[in-house]
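Asker: Provide a 3D model corresponding to the input given below.
(2 chains)
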Amino acid sequence: MGLITFFLLVLFAITSFYLGYFRSNRVRVIEKQRPFSLDKYYGYYLAIWSVVPAVIILFAILIFDGFIVKNYVLSEFYSQGIDQSEISLLFTQIENTRNGIKLFNSEDEIIVNAVNKLNYIEGIFDITSIITVFSVSGLFLLYGYRKINLNFDARLVVEKFILIGFFLCSLIAILVTVGIIFSLLYETVRFFSQVPILDFLFGTNWSPQRAFVRDASDAADIENAFGAVPLFSGTFLIAFIAMCVSIPVGLLTAIYMSEYAKSSVRNTAKPIIEILAGIPTVVYGFFAVITIAPFIRSLGGSIGLDVSSESALAAGLVMGIMIIPFVSSLSDDVISSVPQSLREGSYAMGATKSETIKKVIIPAALPGIIGSFLLAVSRAIGETMIVVMAAGLVANLTANPLEASTTITTQIVVILIGDQEFDSPKTMSAFALGLTLFVMTLILNFIALRVVKKYTEKYE
Amino acid sequence: MENKVKVCVENLNVHYGEKQALFDVCMDINQNEITALIGPSGCGKSTFLRCLNRMNDVIDICKVEGSIKIDGQNIYDKDIQVEKLRERVGMVFQKPNPFPKSIFENVAYGPRIHGLAKDKTELEEIVHTSLKKAAIFDEVKDRLDETGTSLSGGQQQRLCIARAISVNPDVILMDEPCSALDPIATAKIEALMEDLKKEYTIIIVTHSMQQAARVSKKTGFFHLGNLIEVNDTETIFSTPANDKTLDYVTGRFG
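Answerer: This is a model prediction of the structure:
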């Protein structure tokens, strides 16, 4: 029913468009005067009136019809005082029977009656909803059609509709963000009802699998199993190593590309660097495990250091390489947009190129450069796959980059892999971690914006 | 009394790729004088100016032939270090372009790069003197820490002049320094130029013929890459030798 209605509506819209178009055209011919707007705007105007209200009604019906039908079919069972969960089960059986799936009780009289009832009510519902939708459509079309005259400016109305459309699109992004926060928040609150929030934020022991043991003797352990400090420290350690790689390399690349490289070099090299950003993180993970980690291990071994085969260093280094294009291409854009007049001013003072870059261009481009750094940091904190593969899964409270380490995102993955009870504290801890991560990146972005704003005011 | 020749330009040809921008320009510029360069847009006067401190080096496709001698030395010689040259030949641009730094740091930029000050007191001395010479010291002495960009347009331009003279150059090139300024700021800069010519040789590109007439001793008229005529400013504006010059200064074209 939905698909047919949809096609009919499209047809309706096209018809309305031409209706408006020709109506306006005729007004033009009869009155021998130009209408306020172009003919096509009257077409759009009618198309909008004929479709938009109808679509809203259609959506409302689609959302509520299942609910109404179900209630109608089941109304007699409610009066018999059957348990709520049994009723839902019954309805599933009714639907399955109708769809031709044979069940043990498919022959029961109640079920057969209910199926008939269901078919009947749905048939009526379909017809009435189609009639409703198209009569609404027709009414509004008529309304719009009557409004078209010489002094009516359809262009402004269409403009307003487009404005509303843009507004709704931007609203979607905001609503989704809010929705994500609430879904995280709900589970997190449940988690914190079992594990004290302070234990979570300041505890130094992370071993969520212990929470599975549900003996009376182990009950106390739940509190000590969810100390997230090792995860925070691991996250920051790996992100720090990554930034140590990507900031200098990325920034110097950007300076070379924007200030020194000939345009032929830049045109080849820039896309190649940006390919780095397109490599799947799993592939980086392989690179870290197979190439970098053994290399670090043998290097450490040769100078007498004990390097574990999974180390924060390997993951951090490879992550740093991955982030280079983020830093370099953003910084490159910022540096290139520093006005040429500043460069010339510096050269005219007898400064060399590197003096100019160091003392004039970098300070002028600083807000954007810092912005690119902070973007890279949030990228590093959110990165999962490389850490899963290269840094290990053990929550290890250490500042030694040569040992195995783990991050918040990695633990979320570990916790949610496989079958889980949805109400165990272990599973819910993933949501608490997710929310923490969200808050962290939020704060980071906030700081980034503040920094950028502060320097921008200063330099312009 | 005729001043001694400071800059001697001979057979200067400049190409931007295929396009020739200057044709066989020869010109002598006297010391401690203001020389004005006038001409319609695109006539090559800015290109000429930028040859004098080799700012055109930055542009890849730009080729310069001929010789420009400052104090008898060809600045396009191989052993001339372009940074040292620019220390001697300062430049003020059309649009004020103070660095995004404090007023103090803007002026201290050149002396720091060239190591002109031994310590902080000397540096302060240089900065203060330069700001005084540029007639802006009294306006900014209480806020040397503020950014140069917070000043008004006219103040910014005088700050740029202070920056240019902070390294004590011989020659100051000015590329339409007043075109972005209002008449009051322009008058201040013109008065300043009058002061500065006692110590420096000033070459100014300008679109305003009144300005050229007001400030300069000599004026050169450029047209389509040729130096049509160069003479005393009074002569150029009253009885020029060339008809094109007459047409231009009387406003018949350009």
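Asker: so how far is chain A from the closest residue to residue B:200 other than its chain neighbours?
Answerer: Excluding its sequence neighbours, the residue lying closest to residue B:200 (CB to CB, 6 or more residues apart in numbering or on different chains) is residue B:172, at 5.0 Å. (Each C-beta comes from the backbone N, C-alpha and C, glycine too.) The gap separating residue B:172 from chain A is 10 Å, by CB to the nearest CB, to the nearest Å.
Asker: report the strands that pair with the helix or strand containing residue B:172, each with its relative direction.
Answerer: Under the criterion of DSSP states H and E, residue B:172 resides in strand B:171-175. As defined by DSSP bridges, the strand partners of strand B:171-175 come to strand B:89-92 (parallel), strand B:201-205 (parallel).
Asker: ok, and what's touching the first one?
Answerer: Residues outside strand B:89-92 that contact it (CB atoms under 8 Å, 6 or more residues apart in numbering or on different chains): A:344, A:348-349, B:52-53, B:55, B:70, B:75, B:157, B:160-161, B:164-165, B:167, B:169-175, B:177.
Asker: mind checking the SS state of the closest residue to residue A:206 other than its chain neighbours?
Answerer: Spatial nearest neighbour of residue A:206, excluding adjacent residues (CB to CB, 6+ apart): residue A:395 at 3.6 Å. Classification of residue A:395 using DSSP: H, G, I helix; E, B strand; the rest coil returns coil.
Asker: residues near residue A:395, how many?
Answerer: 24 (other CB atoms under 10 Å in any protein chain shown).
Asker: that one contacts residue A:406, doesn't it?
Answerer: Yes: contact criterion CB atoms under 8 Å: residue A:395 and residue A:406 qualify, at 5.3 Å.
Asker: common neighbours of these two, please.
Answerer: Common neighbours of residue A:395 and residue A:406 (criterion: CB under 8 Å, 6+ apart): A:230, A:231, A:234.
Asker: now, which of those residues sits nearest residue A:14?
Answerer: Nearest to residue A:14, judged by CB to CB, of these is residue A:231 at 56.9 Å.
Asker: so how far is residue A:240 from the closest one?
Answerer: 15 Å (CB to CB, to the nearest Å).
Asker: neighbour-wise, which of those two wins?
Answerer: Set residue A:231 next to residue A:240 and count neighbours by other CB under 10 Å: residue A:231 wins out with 25 against 16.
Asker: got a list of what that one touches?
Answerer: Applying CB under 8 Å, 6+ apart, the residues near residue A:231 are A:206, A:395, A:406, A:407, A:408, A:411, A:433.
Asker: which residue packs closest to it, ignoring adjacent ones?
Answerer: Residue A:231 sits nearest to residue A:408 (CB to CB, 6+ apart), 4.9 Å away.
Asker: where in chain B is pLDDT low?
Answerer: For chain B, the stretches with pLDDT under 70 are B:1-2, B:254.
Asker: all helices for it, in order.
Answerer: All helices of chain B, identified by DSSP state H, fall at B:45-52, B:82-88, B:103-114, B:120-133, B:137-140, B:153-165, B:183-196, B:209-215, B:233-238, B:243-249.
Asker: before we move on, back to that, now, the shared contacts of residue A:395 and residue A:406 that are in strands?
Answerer: Applying DSSP state E to those, no entry is found in strands.
Asker: now, which of these sits nearest residue A:446?
Answerer: Once CB to CB is applied, the member of those that ends up nearest residue A:446 is residue A:231, at 21.9 Å.
Asker: state the pLDDT value of that closest one.
Answerer: pLDDT, residue A:231: 88.
Asker: distance of it from chain B?
Answerer: Using CB to the nearest CB, residue A:231 is found at 41 Å from chain B.
Asker: identify the bridge partners of the residue nearest the centre of chain B.
Answerer: Centroid-nearest residue in chain B: residue B:173, 1.4 Å away (criterion: CA atoms, centre = their mean). Beta-bridge partners for residue B:173, by DSSP bridges, are residue B:91, residue B:203.
Asker: chain B against chain A: which residues are in contact?
Answerer: Proximity of chain B to chain A, by CB under 8 Å from any CB of the partner chain, involves residues B:53, B:55, B:58, B:83-87, B:90-91, B:93, B:95, B:97-101, B:109-110, B:113-114, B:147, B:149, B:160, B:163-164, B:167.
Asker: out of these, which are buried?
Answerer: Burial by neighbour count, 16 or more other CB atoms under 10 Å in any protein chain shown: within the residues of chain B next to chain A this picks out B:53, B:55, B:83, B:85-87, B:90-91, B:93, B:95, B:97-101, B:109-110, B:113-114, B:147, B:149, B:160, B:163-164, B:167.
Asker: picking up where we left off before, buried subset of the contacts of residue A:231?
Answerer: Among the contacts of residue A:231, those classed as buried by 16+ other CB under 10 Å are A:206, A:395, A:406, A:407, A:408, A:411, A:433.
Asker: quick check, pLDDT for residue A:210.
Answerer: In this prediction, residue A:210 carries a pLDDT score of 65.
Asker: near chain B, which residues of chain A are found?
Answerer: Residues of chain A lying near chain B (CB under 8 Å from any CB): A:339, A:341-352, A:355, A:359-360, A:363-364, A:458-460.
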